[in-house]
Structure formats: C-alpha cells, structure tokens
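>>> here is the input, now give the coordinates:
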Amino acid sequence: MTDSKYFTTTKKGEIFELKAELNSDKKEKKKEAVKKVIASMTVGKDVSALFPDVVNCMQTDNLELKKLVYLYLMNYAKSQPDMAIMAVNTFVKDCEDPNPLIRALAVRTMGCIRVDKITEYLCEPLRKCLKDEDPYVRKTAAVCVAKLHDINAQLVEDQGFLDTLKDLISDSNPMVVANAVAALSEIAESHPSSNLLDLNPQSINKLLTALNECTEWGQIFILDCLANYMPKDDREAQSICERVTPRLSHANSAVVLSAVKVLMKFMEMLSKDLDYYGTLLKKLAPPLVTLLSAEPELQYVALRNINLIVQKRPEILKHEMKVFFVKYNDPIYVKLEKLDIMIRLASQANIAQVLAELKEYATEVDVDFVRKAVRAIGRCAIKVEQSAERCVSTLLDLIQTKVNYVVQEAIVVIKDIFRKYPNKYESVIATLCENLDSLDEPEARAAMIWIVGEYAERIDNADELLESFLEGFHDESTQVQLQLLTAIVKLFLKKPTETQELVQQVLSLATQDSDNPDLRDRGYIYWRLLSTDPVAAKEVVLAEKPLISEETDLIEPTLLDELICYIGTLASVYHKPPSAFVEGSRGVVHKSLPPRTGSSESAESPEAAPSAGQAAEQPAVIPAQGDLLGDLLNLDLGPPVSGPPLAASSVQMGAVDLLGGGLDSLMGDESEGLRSDVGGSPAMGGGGGFAAPGPAVPASMGAPLGSGLGDLFDLTGGVGTLSGSYVAPKSVWLPAMKAKGLEISGTFSRQVGSISMDLVLTNKALQVMSDFAIQFNRNSFGLAPAAPLQVHAPLAPNQSVEISLPLNTVGSVMKMDPLNNLQVAVKNNIDVFYFSTLYPLHILFVEDGKMERQMFLATWKDIPNENEAQFQIKDCSLSADAVSSKLQGSNIFTIAKRNVEGQDMLYQSLKLTNGIWVLAELRIQPSNPTFTLSLKCRAPEVSQHVYQAYDTILKN
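Now for the predicted structure:
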C-alpha cells in the first residue's frame with residue numbers, strides 16, 4: 001500500500017493516540033506513527049505538541065526513520081527553540097556515525113535549523129565533517145557553511161570555516177570542489193567587499209581540472225566562478241578558453257550558456273588577429289544553434305541571450321540566418337524574438353533572403369506578428385542602404401493589399417525611410433495619400449500628417465488633407481494633435497498666402513480650447529515665433545533634420561557589457577542589470593568586461609575631469625530641475641526695464657508663477673507686458689519675469705562699480721559700518737569655453753543691509769554681446785535679483801564690465817543640496833547659459849542679530865542638545881577682542897564674554913534673513929591657535945555652513 005493512506009484520516013483526538021504510538025516499543029509502530037506525524041505536518045496541522053516524543057525517536061539505526069525525524073525537526077525547531085536543544089546531542093553523535101550517509105544527513109539538517117542558540121553547538125561537528133574522509137560528507141558540509149553564514153556570519157568567520165572552505169577548493173574530489181566554490185560564491189555575493197574567492201592561476205587550474213568530472217550543476221558553479229576571474233594576460237585567457245570550450249557540447253543548456261559567458265568575457269582579451277580568435281568564433285555558433293531545437297521556453301531564454309551576443313559580436317552568427325527563420329508552430333514570443341535577431345543579422349549578403357521571409361510573414365494571421373514583420377522591413381531598409389529600394393517596393397505591395405493594420409504599419413515605417421533617405425522615395429507619397437481615410441491608429445495618423453507637412457510643397461491639396469484632420473481635432477490623441485499643429489505651421493511657412501486661416505484656426509484650437517499643457521506650450525511658442533520673427537520661425541520649424549541612425553533599439557554599450565557578464569541568468573532574459581530587479585540587502589556587484597587588448601584604458605580621455613580645486617568650486621548645475629526651462633521662456637517677454645526697480649510692497653514674491661503673466665504678452669497685448677499695478681500679473685515682476693521686485697536700492701548700487709567704490713568696499717579691517725562684512729575675492733563662475741565666449745566671474749557682498757552679487761562680464765568672443773538678463777533658480781534662502789542686469793552699452797570683444805547686481809531674499813524657496821547652492825541662468829543675444837555657484841552664508845547674516853542676554857540663556861537651554869554641533873577652527877592667532885570685533889563686521893554679535901580657567905568664552909548670536917537664529921559659544925585659549933566653536937540652532941543643517949563662515953571671516 002502507498003503512503004497516501006497517511007493523508008486520508010480525519011480523526012479527532014489524534015494527537016493523543018500518536019503520542020502513545022511514538023512511545024511504543026515496536027519499531028514498526030514507531031515508524032508508522034512518525035509517518036502519520038509528517039503527513040499531518042505536511043497538510044498544515046499543528047503537531048508541535050509531539051516534539052519531545054518525536055525527538056526521542058532519533059536514537060535509531062533505521063535511516064528512513066532518521067530522515068523523517070530530521071524533517072520534523074527542521075520544521076519545528078524555529079517555533080520550539082528550547083526543545084530543539086534536546087536534539088543537539090544526537091546531532092553530535094550522528095556526525096560521528098560510521099555510516100557516511102548518516103553523518104551527511106546530520107550535517108545537512110544542522111544547516112537547516114535556523115536557531116541562534118543551537119548554531120554554536122554545531123560548530124564542532126561541522127568542523128569534523130569538513131575534514132571527513134568521505135567526500136559525500138565533505139561536500140554536504142561545504143554547503144552547510146554557507147547556510148550557517150547566512151544565520152550568523154560573525155560566528156563562521158571567528159571559527160575559521162571560511163579558510164577551511166578555501167582549502168576545499170584544492171580537494172581531490174571534483175564534487176567537493178564544486179560545492180566549496182558554490183558556497184564561497186554565495187557568501188561573497190552577500191558580502192561584495194570581502195575578497196573570499198581570491199582566485200590565482202593555481203586555484204584556477206584546480207577548478208579547470210575539477211570541471212571535467214563534476215555533475216552539471218557543479219560545472220555551472222565552477223564556470224560562473226571562472227567568469228569572475230580576471231586573467232593576467234591574453235595567453236592565460238586563451239588557455240582558459242581552450243579548457244572551457246569542450247563544455248559547449250554539454251547536453252544541459254545551462255552549462256552551455258555558462259561556458260558561452262566565460263568565452264565571451266575572455267574573448268575581450270584576445271587579439272582579433274590571432275588564429276585562435278577565429279577558431280573560437282566558429283566554435284561558438286553550433287552550440288547556440290543547437291539550443292534552438294529545445295522546447296519553446298528554453299528557446300526563448302536562448303534567443304534572449306543570443307540577442308545580447310549578436311549585439312556584442314554579430315560575426316559569430318552571421319552565417320546562421322536560416323535558423324532564425326520563423327516556424328509556423330512557434331509560439332508568438334519566440335517568433336517576435338527571432339524577428340528581432342533576423343534584423344540584427346541582416347546584411348547586404350543575406351538581405352534578399354530576409355526580405356522574402358519578411359514579406360511572407362506579413363501575410364500571416366497573427367496581427368502582432370504581422371505588424372512586427374512590416375516594421376522589420378522598414379528597419380532593414382534603414383540598416384542596409386542597398387536594400388532600401390526593394391524594401392520600399394515591398395512595402396508598397398503590402399499597402400496594395402489594403403489590409404488595414406498592414407497599411408498603417410507600412411506608413412509608420414515609410415516615414416522613417418523618408419527621414420533616412422531624403423529626396424529619394426518621395427514619389428510614393430501619392431499612393432500613401434490614397435489611404436488617408438482608412439487610418440484609425442494614432443501612430444499611423446501622426447506619421448501620415450508628418451509626411452504631408454514635411455512634403456507640403458509637393459502635395460497639391462496638402463491644405464485640404466490637413467484640414468480634414470482638423471474637423472475632429474479634439475477627439476484626436478495628443479500625438480496626432482501635436483503632429484497636426486507642427487504640420488500646419490510648416491505648411492503655412494511654405495505657402496503663407498493660402499493657409500493663413502488654417503494656421504490661425506489650429507493655433508486657437510491648440511491654445512485656447514485645449515487643456516493639454518504640452519499642446520498649449522507648443523501652440524504658444526509657434527504663435528510667438530510667427531508673430532515676432534517669421535524668418536526665425538522658418539529656421540526653427542523647417543530646419544534640416546538629422547538623419548536617423550540604423551539601430552535605434554541597441555542596448556547602450558556599457559549596459560551591454562554588463563549584461564554579457566550575466567549570460568544565462570535572469571538579467572540576460574530581462575535585459576536589465578540585476579540591481580534593477582533584485583530587491584533586498586544583498587549587495588549587487590556591477591560586473592564589467594575586461595579591457596580590450598590594445599586599448600590603453602589608462603590614457604586620459606578627452607573629457608578628463610577638471611582639477612580638484614576647480615571641481616570643488618563649481619558645484620554641478622542641474623538645469624533639468626524643471627524650473628529653469630519655465631524661467632527661460634520668460635527671458636525676453638517684456639521690454640528691457642530701466643529705471644528704479646519696483647517697491648517690494650507692490651508684489652508678494654512668494655506667489656510668483658514662472659510662466660504666468662508671460663502668456664498675456666503672447667496673446668498680443670504686448671504693450672501691457674509690464675504693468676504698473678503688478679498685482680494683476682505677478683509673474684511679470686520687473687524685467688519681464690526676470691527681475692524679482694525687491695526693496696528700492698540706492699541708485700549708486702546699480703551702477704557699475706568704479707575702482708573708487710570697489711576700494712571702499714574692500715576694506716575689511718575695522719568694524720565700521722561702511723567696511724561691511726568680509727568679501728571673498730572674485731572667482732570664475734562661468735568659463736568662456738562653456739558660454740560661447742562669455743566669461744563671468746564674481747563674488748557676493750553685504751554692505752549696509754544690502755546683499756549684492758558683484759560680477760565681471762568679459763567678452764572673449766569675436767562678436768558684440770548685448771541684451772543681458774539674469775535669473776536665479778529657486779534656492780534655499782529665496783535669493784533673487786532685485787533689479788534687472790544693467791549693462792548700459794553693448795559689450796565689445798575683449799572688453800570687460802563690472803556690475804553690482806542688488807539681491808533680495810523674497811524669491812521662491814526650495815531646499816538645495818548643498819544648502820548654499822545657487823543655480824543661475826544668464827541670457828545674452830547669443831544664447832542662454834547656466835552655471836551654479838556656492839554663496840557664503842555670512843551674506844545672509846542680518847544687522848539685528850544681537851539677542852538679549854536673558855533671551856540667549858533661555859533659547860540655548862530650550863534648543864535640544866542633539867542640535868548642538870562642535871567644530872574646530874585651526875591656525876587662528878587672534879585675541880578674543882580682535883575676534884569679537886572682526887565677527888561683528890559680518891553681523892555676528894558677541895552678547896557676553898567670560899574667562900574660565902584662563903580661556904576666553906565668547907557667547908554670540910546671529911540671525912539669517914529667513915528668521916533662523918544661530919547661537920554660538922567660542923572657546924579661545926591664549927596660547928592655542930585652535931578655537932572650539934559650539935553652535936546651536938533649530939535648523940541644524942545650517943550649522944556646517946555657519947562654521948565655514950566663521951572660519952572664512954576669521955582667517956581673512
């Protein structure tokens with residue numbers, strides 16, 4: 001009778017009966033009882049109450065009974081850790097049993113019991129088993145080390161098991177070697193930094209010897225380990241390849257793919273002139289072809305891997321086109337994958353064959369497949385120039401079939417062919433226009449509209465065709481609407497007299513009647529272009545289009561190199577690196593191919609990084625933060641403003657909407673681009689959205705700084721109000737190379753309560769520069785220009801101008817990283833340029849930053865201690881009084897001074913423009929040049945920058 005009877009009982013009170021049977025003297029009855037217990041456990045009944053009785057059955061010579069008891073133990077040890085300790089003695093005994101099967105069974109079970117209390121008892125038996133004379137026990141123990149490492153990594157390292165594992169790599173038995181490699185690889189994966197698999201030519205030699213005699217899974221472990229090795233030169237790479245090549249003829253496809261991975265990796269190191277390189281290419285093709293005769297699921301995995309291999313080395317399979325021809329009974333996922341590889345392998349030599357196949361596929365019944373086949377014909381035309389004519393005539397034949405979805409796909413690919421070969425195949429446009437009415441898919445409609453707009457001058461009734469699409473403009477998808485808008489603008493620029501009404505109709509549909517922001521933006525830009533400068537509009541809209549490249553869906557080279565290192569794993573099927581889909585704490589190591597022979601990797605690339613000093617001063621500028629683009633559309637909406645900036649009261653800068661009011665001027669009322677009652681259009685603050693309104697500034701501030709004023713502002717010695725705070729020397733913010741000849745250097749200063757950005761603009765180009773404007777991105781403290789950037793005369797070549805731009809702090813706020821990063825856009829008649837700079841925080845220290853003594857004490861106590869930060873100011877040899885007066889010049893006020901045990905303690909306060917108070921305690925020992933600064937603040941992230949301000953002010 002089979003064991004199924006154990007699963008059929010549904011008796012009540014079973015546990016009690018089982019308890020009695022487990023304690024029976026008869027061996028057979030005991031075994032029956034344990035089987036019933038395991039059956040109950042398997043179907044999900046809780047039989048943990050029988051733990052002590054089942055553990056008693058461990059003392060037996062019967063291997064079958066022992067296995068069942070161990071199975072029970074593994075399941076319940078976690079929920080009954082205290083009881084599980086009872087079993088430890090038996091484990092220790094079983095690990096010394098004369099029967100190697102029992103020794104191995106004990107060590108395997110020990111590895112599966114994930115209970116911390118027990119693991120330390122198991123170290124001794126495990127150590128013995130790792131040195132056991134029987135290889136079966138050793139190979140089981142090797143895997144147990146990996147399991148134990150997962151439970152308690154520290155324990156495994158302390159007990160020296162990792163060294164024992166490394167020794168097992170030189171074991172005489174290939175299965176032990178394979179399991180040791182598997183265990184070390186597993187441990188290394190969870191600890192990427194540890195150099196466990198320290199492979200050297202000697203250990204590689206041992207692995208290669210073991211490779212021939214392992215089981216297939218052992219071979220996969222060893223091959224994967226070899227793939228992570230970096231041979232020291234091409235000779236070693238070649239010798240490894242020669243010894244791995246026989247694995248290509250293995251019956252197991254996983255072994256074949258692992259071998260392919262090793263060879264693909266080491267081929268990078270072989271010179272292409274070697275005879276062996278050619279031989280290896282020839283040897284790689286047959287095993288890959290053989291994989292395609294497996295069942296469909298395996299074929300799919302093989303095809304996904306072949307797709308990567310063909311992108312890396314198309315020459316391997318260039319003569320094997322026929323195996324990728326689709327069979328009628330292939331599942332759709334295999335068909336689509338084969339099609340993809342066919343196109344990758346298409347060349348002048350085999351294009352006739354490929355086209356004949358693709359034309360055949362286009363008459364299939366499977367709609368998805370037919371679409372892909374028609375696309376494939378277009379991709380062949382773009383890839384193999386000599387075949388373009390045949391491809392176009394094939395596509396025309398397909399259009400004549402009048403099968404709706406075939407026609408639509410054909411039109412989409414013909415559009416790409418026009419882009420690749422301009423002025424060659426436009427004679428087919430007439431045929432395309434005949435099928436206009438049958439198009440119902442957005443992509444096909446958009447492609448047809450593009451063709452009509454692009455070749456409007458060759459189509460007599462282009463306006464009628466486009467007008468027919470306009471009737472249902474709002475029912476079209478966004479893709480079609482955008483395409484239609486552009487096509488009609490192109491048509492208008494080519495035939496302005498006949499299509500004026502049409503263009504006005506589409507512009508009002510796109511801007512006034514649409515709620516899609518992309519469509520409205522594009523509509524407004526065209527409207528603006530056409531109304532201000534039709535010549536510029538022509539240059540923009542009818543510009544020469546770049547030719548499209550042949551392979552648009554190639555995997556990016558560095559990703560491809562990484563994926564080649566993962567052939568035969570899930571990453572190669574997803575075509576994504578493991579980090580994209582593996583979750584959890586396991587560190588995913590990025591793998592890459594070895595450097596190609598003959599390419600000197602160390603040679604500096606032309607884009608070598610700038611020197612460290614430069615890098616430190618130029619924080620990265622990120623124009624993609626979404627704001628700058630909006631800001632730039634405002635750049636020249638209003639006329640340039642001269643005259644005093646608006647008073648702050650007239651507009652609340654917090655409400656600035658960067659694109660807002662700019663649209664009024666687009667809609668035609670340009671005269672009102674700048675209104676006196678700015679409340680109506682907050683976006684147009686001052687210079688057309690550029691100059692953020694702020695407090696009125698003395699006229700002299702806006703003037704370029706003459707040398708006299710400059711000298712006055714550079715006095716940083718005393719504490720007089722005019723000397724102001726410390727001003728850093730100017731540094732280059734925007735080098736001329738990056739800004740078409742415009743060099744900008746500058747610094748920030750604070751004088752009598754006003755912040756300014758002192759700039760020097762230098763024209764290093766050959767043409768005159770004019771129409772300057774400036775705008776800041778949102779930043780941590782809301783810094784914004786308080787007046788337009790006024791360069792009174794055009795800037796001639798090799799000329800410089802000094803400007804002091806007043807700033808205020810009522811702009812939009814967004815926390816930056818680092819906190820004092822400022823991203824700036826500067827526009828002139830040539831272009832718009834971006835740069836970013838770090839401003840010193842002390843320009844934001846306000847004049848009323850002196851706190852009352854009582855208030856200081858209360859606030860210091862009130863701010864939690866974790867907000868306190870301590871810093872060291874080194875190499876500063878000033879006295880306490882000099883420090884105090886120097887800091888007061890930059891609005892850091894000393895509230896009290898005490899002398900404690902010979903050291904001076906200064907208690908100071910400062911306040912930032914956004915109202916944040918910072919309290920400081922500065923400890924100065926007369927003979928010690930290192931000061932200790934403690935800062936307390938409710939916003940602790942500013943502390944680091946306040947410390948930098950202290951450091952800068954005291955040392956300059």
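>>> could you tell me the end-to-end distance of stretch 768-783?
End-to-end span of stretch 768-783 (CA to CA, to the nearest Å): 30 Å.
>>> need the contact list for residue 955.
875, 876 (CB atoms under 8 Å, 6 or more residues apart in numbering). Just so you know, the C-beta spots here come from the backbone N, C-alpha and C atoms, and that holds for glycine as well.
>>> and it, how far from residue 889?
Distance of residue 955 to residue 889, computed by CB to CB, to the nearest Å: 14 Å.
>>> please apply the same query to residue 579.
For residue 579, the distance to residue 889 - CB to CB - is 52 Å.
>>> higher neighbour count, the two?
residue 889 (20 against 13; other CB atoms under 10 Å).
>>> show the pLDDT at the more buried one.
If you check residue 889, the pLDDT there is 89.
>>> then residue 652?
Predicted confidence (pLDDT) for residue 652: 36.
>>> same check, this time on residue 597
63.
>>> what does residue 648 give?
Among the per-residue scores, residue 648 shows a pLDDT of 36.
>>> again, but for residue 720
For residue 720, the pLDDT comes out at 36.
>>> next: the one 5 residues further on.
Per-residue confidence at residue 725 stands at 80 (pLDDT).
>>> which of the three states applies to it?
Recorded secondary structure, residue 725: coil (DSSP: H, G, I helix; E, B strand; the rest coil).
>>> okay, and the closest residue in space to it that isn't next to it in sequence sits in which element?
Among residues not flanking residue 725 along the chain, residue 890 sits closest, at 3.6 Å (CB to CB, 6 or more residues apart in numbering). Here residue 890 sits in a region with no helix or strand, counting by DSSP states H and E.
>>> show me what contacts residue 890?
725, 726, 750, 842, 845, 949, 953.
>>> please report how far the fifth one lies from residue 914.
This means residue 845. Distance from residue 845 to residue 914, by CB to CB: 12 Å.
>>> and what of the last one?
Using CB to CB, we find residue 953 at a distance of 20 Å from residue 914.
>>> which of the two has more neighbours?
The residue with more neighbours, out of residue 953 and residue 914, is residue 953; 20 against 14, by other CB under 10 Å.
>>> now the one helix or strand the more buried one maps to: buried residues?
Residue 953 is part of helix 943-955 when elements are defined by DSSP H and E. Of all the residues in helix 943-955, those buried under the rule 16 or more other CB atoms under 10 Å are 943, 945, 946, 947, 948, 949, 950, 951, 953, 954.
>>> count of residues packed around the closest residue to the third one other than its chain neighbours?
Counting by CB to CB, 6+ apart, the nearest residue to residue 946 once its immediate chain neighbours are dropped is residue 918, at 5.3 Å. By other CB under 10 Å, the residues close to residue 918 number 26.
>>> doesn't residue 935 make contact with residue 918?
Yes - contact criterion CB atoms under 8 Å: residue 918 and residue 935 qualify, at 6.0 Å.
>>> need the overlap of contacts for these two.
Common contacts of residue 918 and residue 935, defined by CB under 8 Å, 6+ apart, comprise 943, 946.
>>> and the strands in the chain?
731-734, 742-751, 754-763, 773-776, 784-785, 800-808, 821-827, 832-838, 868-873, 893-900, 903-911, 917-924, 931-937 (DSSP state E).
>>> to residue 155, which of those lies closest?
With CB to CB as the criterion, residue 155 lies closest to strand 868-873 of those, at 38.6 Å.
>>> just want the angle from the closest one to strand 917-924.
Orientation check (axes from the mean of the first three to the mean of the last three CA atoms, to 10 degrees): strand 868-873 against strand 917-924 gives 40 degrees.
>>> how far is strand 868-873 from where the chain is centred?
36 Å (CA atoms, centre = their mean, to the nearest Å).
>>> stretch 909-925 now?
Distance, centroid of stretch 909-925 to centroid of chain: 39 Å (CA atoms, centre = their mean).
>>> retrieve the pLDDT associated with residue 716.
For residue 716, pLDDT reads 36.
>>> same thing with residue 590?
With respect to pLDDT, residue 590 scores 71.
>>> what does residue 609 give?
39.
>>> picking up where we left off before, which among the contacts of residue 890 gets closest to residue 567?
residue 949 (55.2 Å).
>>> verify the stated contact: the closest one with residue 844.
No - between residue 949 and residue 844 there is no contact under CB under 8 Å: 9.2 Å.
>>> what about residue 728, neighbour count?
15.
>>> and it, how far from residue 756?
Counting by CB to CB, the gap from residue 728 to residue 756 is 13 Å.
>>> give the contact list for the nearest residue to residue 224 once chain neighbours are set aside.
Leaving aside its chain neighbours, residue 224 sits nearest to residue 258 (5.9 Å; criterion: CB to CB, 6+ apart). Taking CB under 8 Å, 6+ apart, we find residue 258 in contact with 219, 220, 223, 224, 227, 247, 567, 568.
>>> surely the first one touches residue 177?
No - the pair residue 219 and residue 177 fails to qualify as a contact (CB under 8 Å) at a distance of 10.9 Å.
>>> between those two, which one's more packed in?
Ranked by neighbour count (other CB under 10 Å), residue 219 and residue 177 place residue 177 first, with 29 against 24.
>>> test my guess that the more buried one contacts residue 165.
No - judged on CB under 8 Å, residue 177 makes no contact with residue 165 at a distance of 10.9 Å.
>>> which of the buried residues of helix 943-955 sits closest to residue 430?
So of these, ranked by how close each gets to residue 430 (CB to CB), first place is residue 945, at 68.5 Å.
>>> name the nearest residue to the closest one, ignoring sequence neighbours.
residue 841 (4.3 Å).
>>> if I look at that neighbour, how far off is residue 725?
Residue 841 is 11 Å from residue 725, by CB to CB.
>>> residues contacting the spatially most central residue of the chain?
Centroid check for the chain by CA atoms, centre = their mean gives residue 580 as the closest residue, at 9.4 Å. Applying CB under 8 Å, 6+ apart to residue 580 gives the contacts residue 574.
>>> pLDDT value on it, please?
At residue 580, pLDDT is 85.
>>> separation between it and residue 732?
Distance from residue 580 to residue 732, by CB to CB: 40 Å.
>>> what do you get for residue 342?
In terms of CB to CB, residue 342 sits 55 Å off from residue 732.
>>> what is the burial count for the residue nearest to residue 922 when sequence neighbours are not counted?
Distances taken as CB to CB, 6+ apart place residue 906 nearest to residue 922, at 4.3 Å, with adjacent residues excluded. By other CB under 10 Å, the residues close to residue 906 number 22.
>>> kindly report the same for residue 569.
17.
>>> residue contacts, it?
residue 578.
>>> how about residue 420?
381, 382, 388, 547, 548, 550.
>>> same thing but at 7 Å, please
Taking CB atoms under 7 Å, 6 or more residues apart in numbering, we find residue 420 in contact with 382, 547, 548.
>>> pull the number of nearby residues for the spatially closest residue to it that is not a sequence neighbour.
Closest residue to residue 420 apart from its sequence neighbours, by CB to CB, 6+ apart: residue 382 at 4.8 Å. Neighbourhood size, residue 382 [other CB under 10 Å]: 23.
>>> my read is that residue 382 contacts residue 414, right?
No - in this structure residue 382 lies outside contact range of residue 414 using CB atoms under 7 Å: 11.0 Å.
>>> in terms of neighbours, single out the busier of residue 342 and residue 732.
residue 342 (24 against 17).
>>> now do the contacts for the nearest residue to the more buried one once chain neighbours are set aside.
Distance criterion CB to CB, 6+ apart; nearest residue to residue 342, sequence neighbours excluded, is residue 324 at 5.0 Å. Each residue near residue 324 by CB under 7 Å, 6+ apart is listed here: 338, 341, 342.
>>> run the last query once more with 8 Å
When contacts are counted by CB under 8 Å, 6+ apart, residue 324 touches 292, 338, 341, 342, 345.
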